[in-house]
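Peer 1: Sequence first, predicted model second:
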Amino acid sequence: MKRRLDGSEERFRCEVVRATPSEAVILYRLQSPAWGLPAPLLSYGFFWRRRPYICYRFVRPGDGAEVASRFDVVGRVELVPASAVGGPAEVRYEDLLLDLWVWPRAAPGGSDELLWEDEEELEAATSAGRIGPGSAGRVRRARGILLRNQGRLRSAMADGIERPAQE
């Protein structure tokens, strides 16, 4: 469940791939084009309880090739087991607006394309006091981590291995 700054919530039906008390991986099957991405795609969501970001890795169903990845800067992440909610397990998080899209290099030796999204909305929310100093610091920290480590994080997710980031 995604919780926005205005208190509204959005839910998505996903499959749990792996869940522990500290991390979860979910699968969402993208059947229609969205965010400029073709369909069908598999979207793997990676959630960590203590990190200031989450990641969605969009891959082709046939060969698993990465089409794009998106890191979302987030506040508190909750990994709620099925037994606690009387239904399927849930991932709950607070969206702090800033997202980093990564488009993998098209040619060998080329650079990945990085695109920050919602920077103006983040600035407006911070100026209006909807994002407090603690969350603003979390956003700055996440931005730095992602600029330094997004390539390594994406590789770890592609391998299916969670390697701790130097945060």
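Peer 2: Now that the structure is in, tell me what you want to look at. Numbering: from 1, shown residues only.

Peer 1: Show me the helices in the chain, by range?
Peer 2: 82-85, 119-127, 133-159 (DSSP state H).

Peer 1: mind putting these in TSV, mean pLDDT included?
Peer 2: Listed next are these as TSV, based on pLDDT from 0 to 100:
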stretch	mean pLDDT
helix 82-85	72
helix 119-127	95
helix 133-159	93
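
Peer 1: ranking those by burial, who's on top?
Peer 2: helix 133-159 (a mean of 16; mean count of other CB atoms under 10 Å). Quick note: C-beta positions are derived from backbone N, CA and C, even for glycine.

Peer 1: beta partners for the nearest residue to Leu100 once chain neighbours are set aside?
Peer 2: If the residues on either side of it in the chain are set aside, Leu100 comes closest to Phe71, at 4.4 Å by CB to CB, 6 or more residues apart in numbering. Beta bridges link Phe71 to Cys55, Leu100 when assigned by DSSP bridges.

Peer 1: who are the neighbours in contact with Phe71?
Peer 2: Counting by CB atoms under 8 Å, 6 or more residues apart in numbering, Phe71 touches 53-55, 99-100, 102, 142, 146, 150, 153.

Peer 1: so which of these comes closest to Phe46?
Peer 2: Cys55 (4.5 Å; CB to CB).

Peer 1: so what's that closest one up against?
Peer 2: If you count contacts by CB under 8 Å, 6+ apart, Cys55 has them with 45-46, 69-72, 153-154, 157.

Peer 1: and what of Glu119?
Peer 2: By CB under 8 Å, 6+ apart, the neighbours of Glu119 are Leu98.

Peer 1: Starting from Leu79, give me the distance back to it.
Peer 2: As judged by CB to CB, to the nearest Å, Glu119 and Leu79 stand 28 Å apart.

Peer 1: Then Tyr53?
Peer 2: Applying CB to CB, the value for Tyr53 to Leu79 is 15 Å.

Peer 1: What pLDDT is listed against the residue nearest the centre of the chain?
Peer 2: Taking CA atoms, centre = their mean, the centroid of the chain lies closest to Cys55, which sits 2.5 Å from it. If you check Cys55, the pLDDT there is 97.

Peer 1: higher neighbour count, Tyr53 and Leu79?
Peer 2: A count of neighbours by other CB atoms under 10 Å puts Tyr53 above the other of Tyr53 and Leu79, at 29 against 19.
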